[in-house]
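Asks: Next input, structure requested:
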Amino acid sequence: MSERTIQLQHPHRLFIGGEWIQPSLSASFDVLDCSTEQVVASVAEAGSGDVARAVQAARKAFDSGPWPRMTVLERAAYLEKLAQRFEAMNDEYARVWSIESGIVYRVAQPRIGVFLSGAFRQYTAMASTFAFTEPCTSATGNAAYRVHEPAGVVVAIIPWNGPAGLMAYKVAPALLAGCTVIIKSSPEAPCSAYLFAQMCEEVGFPPGVVNVLTADRAVSEELVRNPGVDKITFTGSTAAGRRIAAVAADRIARVTLELGGKSPALVLDDYDVEVAAKTIGASFFGYLSGQVCHSLTRVIVPRAKHDAMTEALAEVARNMVLGDPFDAASTAGPLATARQRETVERYVAKGTSEGATLVTGGKRPANKERGFFFEPTVFANVDNRSTIAQEEIFGPVLCVIPADDTAHAVQIANDTIYGLNAAVFTDDSHLAMQVARQIRAGSVGHNASRTDFSVGFGGFKQSGIGREGGPEGLAAFLESKTIIMEAKPC
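Replies: Presented below is the predicted three-dimensional model:
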(Lines give C-alpha, C1' and ligand atoms only; values in the text may rest on other atoms or scores of the structure.)
Protein backbone atom coordinates (compact mmCIF):
# COMPACT_ATOMS: atom_id res chain seq x y z
CA MET A 1 0.00 0.00 0.00
CA SER A 2 1.32 3.43 -0.95
CA GLU A 3 1.99 5.90 1.85
CA ARG A 4 -0.42 8.27 0.07
CA THR A 5 -3.29 5.76 -0.05
CA ILE A 6 -6.25 5.97 2.32
CA GLN A 7 -8.21 2.75 2.57
CA LEU A 8 -11.69 2.94 4.09
CA GLN A 9 -14.00 -0.07 4.26
CA HIS A 10 -17.27 1.81 3.68
CA PRO A 11 -16.51 5.32 2.40
CA HIS A 12 -19.88 5.79 0.71
CA ARG A 13 -21.95 4.85 3.75
CA LEU A 14 -22.65 6.31 7.17
CA PHE A 15 -22.13 4.51 10.49
CA ILE A 16 -25.46 4.84 12.31
CA GLY A 17 -27.07 2.50 14.82
CA GLY A 18 -24.19 0.04 14.64
CA GLU A 19 -24.53 -0.44 10.87
CA TRP A 20 -23.08 1.03 7.69
CA ILE A 21 -26.19 2.51 6.12
CA GLN A 22 -26.93 4.00 2.72
CA PRO A 23 -27.03 7.82 2.99
CA SER A 24 -30.11 9.78 1.97
CA LEU A 25 -28.05 11.85 -0.48
CA SER A 26 -26.09 10.67 -3.50
CA ALA A 27 -23.52 13.44 -3.00
CA SER A 28 -20.04 12.90 -1.56
CA PHE A 29 -17.06 14.91 -0.31
CA ASP A 30 -13.71 14.53 -2.08
CA VAL A 31 -10.70 14.32 0.20
CA LEU A 32 -7.56 15.96 -1.19
CA ASP A 33 -3.92 15.23 -0.49
CA CYS A 34 -2.86 18.74 0.52
CA SER A 35 0.66 18.18 -0.83
CA THR A 36 -0.39 17.10 -4.32
CA GLU A 37 -4.01 18.38 -4.60
CA GLN A 38 -4.99 14.91 -5.80
CA VAL A 39 -8.23 13.23 -4.67
CA VAL A 40 -7.30 10.36 -2.34
CA ALA A 41 -10.75 9.42 -1.05
CA SER A 42 -14.43 10.29 -1.24
CA VAL A 43 -16.89 9.92 1.61
CA ALA A 44 -20.67 10.10 1.83
CA GLU A 45 -22.32 13.44 2.50
CA ALA A 46 -25.01 13.25 5.18
CA GLY A 47 -28.34 14.99 4.68
CA SER A 48 -31.14 16.06 6.98
CA GLY A 49 -32.68 12.60 7.04
CA ASP A 50 -29.37 11.06 8.08
CA VAL A 51 -29.05 13.53 10.95
CA ALA A 52 -32.49 12.52 12.19
CA ARG A 53 -31.59 8.84 11.97
CA ALA A 54 -28.34 9.35 13.84
CA VAL A 55 -30.04 11.25 16.66
CA GLN A 56 -32.78 8.63 16.85
CA ALA A 57 -30.19 5.83 17.08
CA ALA A 58 -28.14 7.60 19.75
CA ARG A 59 -31.28 8.56 21.66
CA LYS A 60 -32.57 4.98 21.68
CA ALA A 61 -29.18 3.66 22.77
CA PHE A 62 -29.12 6.11 25.67
CA ASP A 63 -32.76 5.91 26.76
CA SER A 64 -33.25 2.15 26.56
CA GLY A 65 -29.95 0.53 25.59
CA PRO A 66 -27.40 -1.15 27.85
CA TRP A 67 -24.56 1.37 27.58
CA PRO A 68 -25.48 3.93 30.29
CA ARG A 69 -26.68 1.08 32.52
CA MET A 70 -23.36 -0.73 32.50
CA THR A 71 -20.96 -0.19 35.35
CA VAL A 72 -18.21 2.31 34.66
CA LEU A 73 -15.67 -0.52 34.76
CA GLU A 74 -17.61 -2.40 32.09
CA ARG A 75 -17.52 0.67 29.87
CA ALA A 76 -13.82 1.13 30.60
CA ALA A 77 -13.15 -2.34 29.19
CA TYR A 78 -14.42 -1.14 25.81
CA LEU A 79 -12.14 1.89 26.01
CA GLU A 80 -9.16 -0.34 26.72
CA LYS A 81 -9.93 -2.39 23.60
CA LEU A 82 -10.03 0.82 21.57
CA ALA A 83 -6.69 1.92 23.05
CA GLN A 84 -5.13 -1.35 21.91
CA ARG A 85 -6.49 -0.87 18.40
CA PHE A 86 -5.20 2.69 18.29
CA GLU A 87 -1.74 1.40 19.12
CA ALA A 88 -1.95 -1.13 16.29
CA MET A 89 -3.12 1.56 13.85
CA ASN A 90 -0.83 4.37 15.00
CA ASP A 91 0.97 4.67 11.68
CA GLU A 92 -2.27 4.59 9.69
CA TYR A 93 -3.72 7.49 11.68
CA ALA A 94 -0.43 9.41 11.35
CA ARG A 95 -0.45 8.91 7.56
CA VAL A 96 -4.04 10.09 7.26
CA TRP A 97 -3.23 13.17 9.35
CA SER A 98 -0.30 14.04 7.08
CA ILE A 99 -2.31 13.56 3.89
CA GLU A 100 -5.40 15.49 5.01
CA SER A 101 -3.90 18.25 7.16
CA GLY A 102 -0.27 18.58 6.06
CA ILE A 103 1.61 17.72 9.26
CA VAL A 104 5.07 16.26 8.72
CA TYR A 105 4.75 12.49 9.09
CA ARG A 106 7.66 12.02 11.49
CA VAL A 107 6.11 14.71 13.71
CA ALA A 108 2.68 13.08 13.49
CA GLN A 109 3.82 9.56 14.42
CA PRO A 110 4.74 10.12 18.08
CA ARG A 111 2.04 12.73 18.70
CA ILE A 112 -0.83 10.62 17.40
CA GLY A 113 -0.18 7.92 19.98
CA VAL A 114 -0.20 10.44 22.83
CA PHE A 115 -3.58 11.72 21.68
CA LEU A 116 -5.28 8.48 20.67
CA SER A 117 -4.27 5.52 22.83
CA GLY A 118 -3.17 8.04 25.47
CA ALA A 119 -6.61 9.60 25.75
CA PHE A 120 -8.42 6.29 25.94
CA ARG A 121 -5.95 4.90 28.47
CA GLN A 122 -6.26 8.01 30.63
CA TYR A 123 -10.01 7.66 30.84
CA THR A 124 -9.84 3.89 31.26
CA ALA A 125 -7.76 4.52 34.38
CA MET A 126 -10.16 7.21 35.56
CA ALA A 127 -12.91 4.61 35.84
CA SER A 128 -11.26 3.57 39.11
CA THR A 129 -10.26 7.01 40.40
CA PHE A 130 -13.07 9.44 39.56
CA ALA A 131 -15.70 9.85 42.30
CA PHE A 132 -18.90 9.04 40.43
CA THR A 133 -20.72 8.78 43.79
CA GLU A 134 -19.75 11.02 46.71
CA PRO A 135 -21.35 10.51 50.13
CA CYS A 136 -22.12 13.73 52.02
CA THR A 137 -24.13 14.95 54.96
CA SER A 138 -26.91 17.47 54.36
CA ALA A 139 -27.39 20.60 56.46
CA THR A 140 -30.26 18.81 58.24
CA GLY A 141 -28.03 15.87 59.16
CA ASN A 142 -29.52 13.49 56.58
CA ALA A 143 -27.43 11.09 54.55
CA ALA A 144 -26.81 12.70 51.19
CA TYR A 145 -25.11 11.68 47.99
CA ARG A 146 -23.70 13.63 45.10
CA VAL A 147 -23.85 11.37 42.07
CA HIS A 148 -22.55 12.05 38.58
CA GLU A 149 -24.64 10.68 35.74
CA PRO A 150 -24.17 10.78 31.93
CA ALA A 151 -25.28 13.97 30.20
CA GLY A 152 -27.08 12.04 27.44
CA VAL A 153 -26.70 12.17 23.68
CA VAL A 154 -23.52 14.00 22.69
CA VAL A 155 -22.68 15.56 19.33
CA ALA A 156 -18.91 15.84 18.86
CA ILE A 157 -18.03 18.26 16.04
CA ILE A 158 -14.46 17.63 14.89
CA PRO A 159 -12.20 20.13 13.03
CA TRP A 160 -9.91 19.45 10.07
CA ASN A 161 -6.53 20.40 11.57
CA GLY A 162 -6.17 17.63 14.17
CA PRO A 163 -9.23 15.43 13.72
CA ALA A 164 -8.07 12.18 15.33
CA GLY A 165 -6.60 13.59 18.53
CA LEU A 166 -9.39 16.08 19.14
CA MET A 167 -11.96 13.36 18.49
CA ALA A 168 -10.27 11.13 21.07
CA TYR A 169 -10.39 13.74 23.84
CA LYS A 170 -14.10 14.27 23.22
CA VAL A 171 -15.24 10.71 22.66
CA ALA A 172 -13.23 8.85 25.33
CA PRO A 173 -14.63 10.78 28.34
CA ALA A 174 -18.13 10.89 26.83
CA LEU A 175 -18.16 7.11 26.46
CA LEU A 176 -16.75 6.48 29.92
CA ALA A 177 -19.42 8.79 31.36
CA GLY A 178 -22.11 6.61 29.74
CA CYS A 179 -23.13 9.00 26.98
CA THR A 180 -23.92 7.98 23.43
CA VAL A 181 -22.11 9.87 20.71
CA ILE A 182 -22.62 11.26 17.21
CA ILE A 183 -19.31 12.24 15.62
CA LYS A 184 -19.67 14.91 12.95
CA SER A 185 -16.44 14.99 11.00
CA SER A 186 -15.11 17.77 8.79
CA PRO A 187 -15.62 17.42 5.00
CA GLU A 188 -11.96 18.37 4.54
CA ALA A 189 -10.63 15.65 6.87
CA PRO A 190 -13.19 12.89 7.52
CA CYS A 191 -11.02 9.78 7.28
CA SER A 192 -9.93 9.50 10.93
CA ALA A 193 -13.58 9.37 12.01
CA TYR A 194 -14.26 6.62 9.45
CA LEU A 195 -11.33 4.60 10.75
CA PHE A 196 -12.68 5.06 14.27
CA ALA A 197 -16.14 3.84 13.23
CA GLN A 198 -14.52 0.72 11.80
CA MET A 199 -12.75 0.13 15.12
CA CYS A 200 -15.98 0.58 17.09
CA GLU A 201 -17.67 -2.00 14.88
CA GLU A 202 -14.80 -4.44 15.50
CA VAL A 203 -14.93 -3.87 19.26
CA GLY A 204 -18.67 -4.54 19.27
CA PHE A 205 -20.25 -1.49 20.86
CA PRO A 206 -23.99 -1.78 21.39
CA PRO A 207 -25.96 -0.31 18.45
CA GLY A 208 -26.22 3.48 18.47
CA VAL A 209 -23.54 4.13 21.09
CA VAL A 210 -21.17 5.53 18.45
CA ASN A 211 -22.42 7.07 15.20
CA VAL A 212 -20.31 8.77 12.52
CA LEU A 213 -21.28 11.06 9.67
CA THR A 214 -19.82 13.88 7.58
CA ALA A 215 -21.89 16.96 6.76
CA ASP A 216 -21.67 20.56 5.65
CA ARG A 217 -22.32 23.49 7.97
CA ALA A 218 -26.07 23.77 7.29
CA VAL A 219 -26.74 20.11 8.04
CA SER A 220 -24.40 20.24 11.03
CA GLU A 221 -26.53 23.02 12.48
CA GLU A 222 -29.51 20.67 12.35
CA LEU A 223 -27.62 18.39 14.74
CA VAL A 224 -27.09 21.29 17.13
CA ARG A 225 -30.76 22.27 16.90
CA ASN A 226 -32.14 18.76 17.34
CA PRO A 227 -33.99 18.46 20.68
CA GLY A 228 -32.79 14.87 20.99
CA VAL A 229 -29.22 16.11 21.52
CA ASP A 230 -28.28 16.92 25.12
CA LYS A 231 -24.71 18.13 24.72
CA ILE A 232 -22.53 19.60 21.97
CA THR A 233 -18.75 19.54 22.13
CA PHE A 234 -17.08 21.57 19.41
CA THR A 235 -13.55 22.50 18.38
CA GLY A 236 -13.16 25.14 15.70
CA SER A 237 -13.24 28.84 14.99
CA THR A 238 -14.63 31.37 17.44
CA ALA A 239 -17.09 32.55 14.77
CA ALA A 240 -18.55 29.05 14.41
CA GLY A 241 -18.52 28.62 18.18
CA ARG A 242 -20.59 31.77 18.65
CA ARG A 243 -23.18 30.37 16.25
CA ILE A 244 -23.30 27.00 18.02
CA ALA A 245 -23.64 28.68 21.40
CA ALA A 246 -26.48 30.87 20.14
CA VAL A 247 -28.37 27.92 18.65
CA ALA A 248 -27.83 25.73 21.72
CA ALA A 249 -28.99 28.56 24.00
CA ASP A 250 -32.50 28.38 22.53
CA ARG A 251 -33.04 25.09 24.37
CA ILE A 252 -30.32 25.41 27.04
CA ALA A 253 -28.33 22.54 25.56
CA ARG A 254 -24.98 21.91 27.24
CA VAL A 255 -21.89 22.99 25.30
CA THR A 256 -18.14 22.67 25.49
CA LEU A 257 -16.45 25.04 23.05
CA GLU A 258 -12.72 24.92 22.29
CA LEU A 259 -12.24 27.90 20.01
CA GLY A 260 -9.60 30.21 18.56
CA GLY A 261 -6.52 31.82 19.97
CA LYS A 262 -3.98 34.56 19.46
CA SER A 263 -1.53 33.29 21.99
CA PRO A 264 1.37 35.42 23.25
CA ALA A 265 4.95 34.42 23.92
CA LEU A 266 6.43 36.88 26.44
CA VAL A 267 10.22 36.90 26.12
CA LEU A 268 11.49 38.70 29.20
CA ASP A 269 14.65 40.77 29.32
CA ASP A 270 16.87 38.12 30.95
CA TYR A 271 16.20 35.39 28.37
CA ASP A 272 18.45 34.57 25.41
CA VAL A 273 16.81 35.80 22.20
CA GLU A 274 18.41 33.13 19.98
CA VAL A 275 17.22 30.31 22.23
CA ALA A 276 13.70 31.74 22.39
CA ALA A 277 13.54 32.20 18.63
CA LYS A 278 14.57 28.61 17.94
CA THR A 279 12.07 27.25 20.46
CA ILE A 280 9.17 29.39 19.26
CA GLY A 281 9.90 29.35 15.54
CA ALA A 282 10.75 25.69 14.98
CA SER A 283 7.70 24.39 16.84
CA PHE A 284 5.35 26.97 15.32
CA PHE A 285 6.38 26.54 11.68
CA GLY A 286 7.01 22.81 11.99
CA TYR A 287 3.80 21.73 13.71
CA LEU A 288 0.97 21.92 11.15
CA SER A 289 2.41 25.14 9.67
CA GLY A 290 0.69 27.26 12.29
CA GLN A 291 -2.74 25.64 11.83
CA VAL A 292 -3.10 25.13 15.57
CA CYS A 293 -5.46 27.11 17.79
CA HIS A 294 -2.99 27.32 20.68
CA SER A 295 0.05 28.33 18.59
CA LEU A 296 2.23 31.10 20.02
CA THR A 297 1.62 33.67 17.26
CA ARG A 298 2.42 36.97 19.05
CA VAL A 299 6.05 37.25 20.17
CA ILE A 300 6.24 40.09 22.73
CA VAL A 301 9.79 41.19 23.38
CA PRO A 302 11.62 44.09 25.11
CA ARG A 303 11.85 47.01 22.71
CA ALA A 304 15.65 47.00 22.84
CA LYS A 305 15.68 43.35 21.69
CA HIS A 306 12.99 43.66 19.02
CA ASP A 307 15.34 43.72 16.03
CA ALA A 308 17.48 40.86 17.31
CA MET A 309 14.39 38.72 17.97
CA THR A 310 12.97 39.54 14.55
CA GLU A 311 16.14 38.50 12.75
CA ALA A 312 16.51 35.35 14.83
CA LEU A 313 12.94 34.28 14.03
CA ALA A 314 13.45 35.15 10.37
CA GLU A 315 16.53 32.94 10.30
CA VAL A 316 14.52 30.04 11.70
CA ALA A 317 11.82 30.65 9.11
CA ARG A 318 14.29 30.75 6.21
CA ASN A 319 15.89 27.50 7.35
CA MET A 320 12.64 25.55 7.45
CA VAL A 321 12.51 22.94 4.68
CA LEU A 322 9.06 23.26 3.17
CA GLY A 323 8.13 20.04 1.42
CA ASP A 324 6.28 16.75 1.18
CA PRO A 325 5.26 15.61 4.70
CA PHE A 326 6.54 12.12 3.89
CA ASP A 327 10.00 13.36 2.86
CA ALA A 328 12.45 12.84 5.72
CA ALA A 329 14.15 16.13 4.84
CA SER A 330 10.98 18.20 5.28
CA THR A 331 10.58 20.22 8.47
CA ALA A 332 7.27 21.87 7.47
CA GLY A 333 4.39 20.81 5.27
CA PRO A 334 1.58 22.51 3.37
CA LEU A 335 -1.60 24.11 4.63
CA ALA A 336 -4.63 21.84 4.63
CA THR A 337 -6.74 23.51 1.94
CA ALA A 338 -6.63 26.06 -0.86
CA ARG A 339 -9.18 28.13 1.05
CA GLN A 340 -6.92 28.30 4.09
CA ARG A 341 -3.95 29.36 1.98
CA GLU A 342 -6.06 32.14 0.44
CA THR A 343 -7.05 33.26 3.93
CA VAL A 344 -3.39 33.47 4.97
CA GLU A 345 -2.57 35.46 1.84
CA ARG A 346 -5.29 37.98 2.68
CA TYR A 347 -3.94 38.44 6.19
CA VAL A 348 -0.39 38.96 4.92
CA ALA A 349 -1.65 41.65 2.55
CA LYS A 350 -3.58 43.23 5.41
CA GLY A 351 -0.54 43.24 7.67
CA THR A 352 1.55 45.02 5.08
CA SER A 353 -1.16 47.57 4.32
CA GLU A 354 -1.55 48.38 8.02
CA GLY A 355 2.12 49.18 8.44
CA ALA A 356 3.81 46.06 9.79
CA THR A 357 7.20 45.16 8.31
CA LEU A 358 7.27 41.92 6.33
CA VAL A 359 10.69 40.49 7.16
CA THR A 360 10.55 37.13 5.41
CA GLY A 361 8.07 34.84 3.67
CA GLY A 362 4.60 36.08 2.87
CA LYS A 363 3.94 34.17 -0.34
CA ARG A 364 3.61 30.81 -2.04
CA PRO A 365 7.01 29.20 -2.65
CA ALA A 366 8.18 29.52 -6.24
CA ASN A 367 9.36 25.89 -6.47
CA LYS A 368 6.03 24.33 -5.46
CA GLU A 369 3.63 24.07 -8.39
CA ARG A 370 1.26 21.71 -6.58
CA GLY A 371 0.11 21.57 -2.98
CA PHE A 372 -1.17 24.23 -0.60
CA PHE A 373 2.25 25.45 0.51
CA PHE A 374 2.96 28.85 2.04
CA GLU A 375 6.28 30.24 3.17
CA PRO A 376 7.02 30.64 6.90
CA THR A 377 6.42 34.33 7.52
CA VAL A 378 7.63 36.87 10.08
CA PHE A 379 6.27 40.39 10.60
CA ALA A 380 8.13 42.99 12.68
CA ASN A 381 7.04 46.24 14.35
CA VAL A 382 3.51 44.93 14.71
CA ASP A 383 0.95 47.11 16.45
CA ASN A 384 -0.99 44.91 18.86
CA ARG A 385 -4.24 46.59 17.79
CA SER A 386 -3.67 45.72 14.12
CA THR A 387 -5.62 43.04 12.31
CA ILE A 388 -2.80 40.50 12.15
CA ALA A 389 -2.21 40.83 15.90
CA GLN A 390 -5.87 40.60 16.86
CA GLU A 391 -7.35 38.00 14.50
CA GLU A 392 -6.52 34.32 14.25
CA ILE A 393 -4.70 33.68 10.96
CA PHE A 394 -4.30 29.90 11.28
CA GLY A 395 -1.20 29.76 9.15
CA PRO A 396 2.60 30.18 9.38
CA VAL A 397 2.63 33.89 10.28
CA LEU A 398 4.43 35.24 13.37
CA CYS A 399 4.04 38.79 14.71
CA VAL A 400 6.86 40.43 16.71
CA ILE A 401 5.57 43.13 19.07
CA PRO A 402 7.83 45.44 21.12
CA ALA A 403 7.07 46.12 24.81
CA ASP A 404 8.43 48.78 27.15
CA ASP A 405 8.76 46.50 30.18
CA THR A 406 7.28 43.34 31.74
CA ALA A 407 4.11 45.09 32.89
CA HIS A 408 3.58 46.43 29.39
CA ALA A 409 4.20 42.95 27.95
CA VAL A 410 1.48 41.50 30.19
CA GLN A 411 -0.87 44.30 29.17
CA ILE A 412 -0.25 43.53 25.48
CA ALA A 413 -0.66 39.80 26.08
CA ASN A 414 -4.09 40.31 27.63
CA ASP A 415 -5.25 42.89 25.08
CA THR A 416 -7.14 40.38 22.92
CA ILE A 417 -10.56 38.72 22.79
CA TYR A 418 -8.77 35.39 23.12
CA GLY A 419 -7.21 33.58 26.06
CA LEU A 420 -6.24 30.07 25.05
CA ASN A 421 -2.51 29.66 25.55
CA ALA A 422 0.64 31.64 26.41
CA ALA A 423 4.28 31.20 27.36
CA VAL A 424 6.75 33.12 29.52
CA PHE A 425 10.44 32.95 28.63
CA THR A 426 12.73 33.73 31.56
CA ASP A 427 15.49 31.98 33.49
CA ASP A 428 13.80 33.08 36.73
CA SER A 429 11.18 30.44 37.59
CA HIS A 430 9.73 32.57 40.39
CA LEU A 431 9.21 35.44 37.95
CA ALA A 432 7.77 33.03 35.38
CA MET A 433 5.11 31.92 37.85
CA GLN A 434 4.41 35.50 38.87
CA VAL A 435 3.90 36.63 35.26
CA ALA A 436 1.95 33.48 34.34
CA ARG A 437 -0.61 34.25 37.05
CA GLN A 438 -1.21 37.66 35.45
CA ILE A 439 -1.95 36.28 31.99
CA ARG A 440 -5.58 35.61 31.11
CA ALA A 441 -5.17 32.27 29.36
CA GLY A 442 -6.18 28.66 29.93
CA SER A 443 -2.60 27.37 29.63
CA VAL A 444 0.75 29.05 30.28
CA GLY A 445 4.07 27.36 29.59
CA HIS A 446 7.49 28.22 30.98
CA ASN A 447 10.11 28.64 28.24
CA ALA A 448 7.96 26.78 25.68
CA SER A 449 4.39 26.14 24.64
CA ARG A 450 3.36 23.45 27.12
CA THR A 451 -0.28 22.59 26.56
CA ASP A 452 -1.29 19.22 28.00
CA PHE A 453 -4.68 17.58 27.48
CA SER A 454 -3.86 14.97 30.13
CA VAL A 455 -4.00 17.78 32.72
CA GLY A 456 -6.69 19.91 31.09
CA PHE A 457 -7.08 22.23 28.12
CA GLY A 458 -9.36 25.16 27.30
CA GLY A 459 -9.55 28.90 27.15
CA PHE A 460 -10.56 32.14 28.82
CA LYS A 461 -12.73 34.78 27.15
CA GLN A 462 -13.70 34.01 23.54
CA SER A 463 -11.32 31.07 23.33
CA GLY A 464 -14.05 28.84 24.64
CA ILE A 465 -16.22 27.41 27.38
CA GLY A 466 -15.23 24.41 29.48
CA ARG A 467 -12.17 22.18 29.52
CA GLU A 468 -11.07 19.03 27.69
CA GLY A 469 -8.78 16.37 29.10
CA GLY A 470 -8.18 15.42 32.72
CA PRO A 471 -10.95 15.11 35.32
CA GLU A 472 -12.62 18.30 34.06
CA GLY A 473 -12.89 16.72 30.62
CA LEU A 474 -14.87 13.83 32.12
CA ALA A 475 -17.02 16.10 34.30
CA ALA A 476 -18.06 17.93 31.12
CA PHE A 477 -20.08 14.86 30.08
CA LEU A 478 -21.71 14.31 33.46
CA GLU A 479 -24.68 15.87 35.25
CA SER A 480 -24.45 16.27 39.01
CA LYS A 481 -27.43 15.02 41.02
CA THR A 482 -28.03 15.48 44.75
CA ILE A 483 -29.88 12.70 46.56
CA ILE A 484 -30.93 13.32 50.21
CA MET A 485 -32.19 10.27 52.07
CA GLU A 486 -34.49 9.95 55.07
CA ALA A 487 -32.43 6.90 56.01
CA LYS A 488 -29.29 5.40 54.62
CA PRO A 489 -29.95 2.84 51.87
CA CYS A 490 -29.31 -0.77 52.84
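Asks: now the helices for the stretch 301-450 of the chain?
Replies: Assigned by DSSP state H, counting those that start in this stretch, the stretch 301-450 of the chain shows helices spanning 306-319, 338-353, 387-390, 406-414, 429-436.
Asks: G290 is nearest to which of those helices?
Replies: Closest to G290 of those is helix 338-353 (Cβ to Cβ; 8.3 Å). Glycine gets a C-beta too; all of them are placed from N, C-alpha and C.
Asks: per-residue confidence averaged over the closest one?
Replies: Across helix 338-353, pLDDT averages out at 98.
Asks: do you know which of the helices of the stretch 301-450 of the chain lies nearest T360?
Replies: Nearest of the helices of the stretch 301-450 of the chain to T360, taken as Cβ to Cβ: helix 306-319 at 4.4 Å.
Asks: what's the helix or strand for the residue lying closest to L296 once chain neighbours are set aside?
Replies: Nearest residue to L296, sequence neighbours excluded (Cβ to Cβ, 6 or more residues apart in numbering): A265, at 4.1 Å. Assigned by DSSP states H and E, A265 belongs to strand 263-267.
Asks: Show me what the helix or strand that that strand is followed by is in contact with.
Replies: Next helix or strand after strand 263-267 toward the C-terminus (DSSP H and E): helix 273-286. When contacts are defined by Cβ atoms under 8 Å, 6 or more residues apart in numbering, helix 273-286 is touched by residues 104, 107, 265, 267, 290, 295-297, 299, 301, 305, 308-309, 312-313, 315-317, 320, 331-332, 376, 396, 398, 423, 425, 447-449.
Asks: Just the buried ones from these?
Replies: Among these, the ones that count as buried by 16 or more other Cβ atoms under 10 Å are 104, 107, 265, 267, 290, 295-297, 299, 301, 305, 309, 312-313, 316-317, 320, 331-332, 376, 396, 398, 423, 425, 447, 449.
Asks: Now, those that are in strands?
Replies: Using DSSP state E, A265, V267, L296, T297, V299, V301, L398, A423, F425 are the members of the buried ones among the contacts of helix 273-286 that sit in strands.
Asks: Closest to E222 out of these?
Replies: Among those, T297 lies closest to E222 (Cβ to Cβ), at 33.7 Å.
Asks: can you tell me how far the closest one sits from G241?
Replies: From T297 across to G241, the span is 18 Å (Cβ to Cβ, to the nearest Å).
Asks: do the same with A253
Replies: 14 Å.
Asks: mind listing the helices for the stretch 101-250 of the chain?
Replies: Using DSSP H, counting those that start in this stretch, the helices of the stretch 101-250 of the chain run over residues 105-126, 163-177, 191-203, 217-225, 238-249.
Asks: quick one, which of those is packed in tightest?
Replies: Highest mean neighbour count of those: helix 163-177, a mean of 27 (counted as mean count of other Cβ atoms under 10 Å).
Asks: ok so, going back, need the ones in strands among the buried ones among the contacts of helix 273-286 in JSON lines with pLDDT, can you?
Replies: Output for those, formatted as JSON lines (pLDDT from 0 to 100):
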{"residue": "A265", "pLDDT": "98"}
{"residue": "V267", "pLDDT": "98"}
{"residue": "L296", "pLDDT": "98"}
{"residue": "T297", "pLDDT": "98"}
{"residue": "V299", "pLDDT": "99"}
{"residue": "V301", "pLDDT": "98"}
{"residue": "L398", "pLDDT": "98"}
{"residue": "A423", "pLDDT": "98"}
{"residue": "F425", "pLDDT": "99"}
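Asks: Closest one of the residues you listed to S28?
Replies: T297 (34.9 Å).
Asks: Wait, that closest one touches K262, no?
Replies: Yes - using Cβ atoms under 8 Å, T297 makes contact with K262 at a distance of 5.9 Å.
Asks: which residues do the two both contact?
Replies: The contact lists of T297 and K262 share E392, where a contact means Cβ under 8 Å, 6+ apart.
Asks: Domain boundaries for the chain, per the record?
Replies: For the chain, the structural domains run 14-259, 263-453, going by automatic domain parsing.
Asks: Taking the centroid of this structure, which residue is nearest it?
Replies: Nearest to the geometric centre of the chain sits L166, at 4.6 Å (Cα atoms, centre = their mean).
Asks: returning to what we had before: give me the distance from the strand holding A265 to the chain's centre.
Replies: Put simply, strand 263-267 sits 20 Å off its chain's centre (Cα atoms, centre = their mean, to the nearest Å).
Asks: What is that strand packed up against?
Replies: Packing partners of strand 263-267 (3 or more Cβ pairs under 8 Å, 6 or more residues apart in numbering; DSSP states H and E): helix 273-286, strand 296-302, helix 406-414, strand 421-425.
Asks: where does this structure dip in pLDDT?
Replies: Along the chain, the model assigns pLDDT under 70 to residues 1-2.
Asks: Tell me if I'm right that V382 and A356 touch.
Replies: Yes - using Cβ under 8 Å, V382 is in contact with A356, at 4.7 Å.
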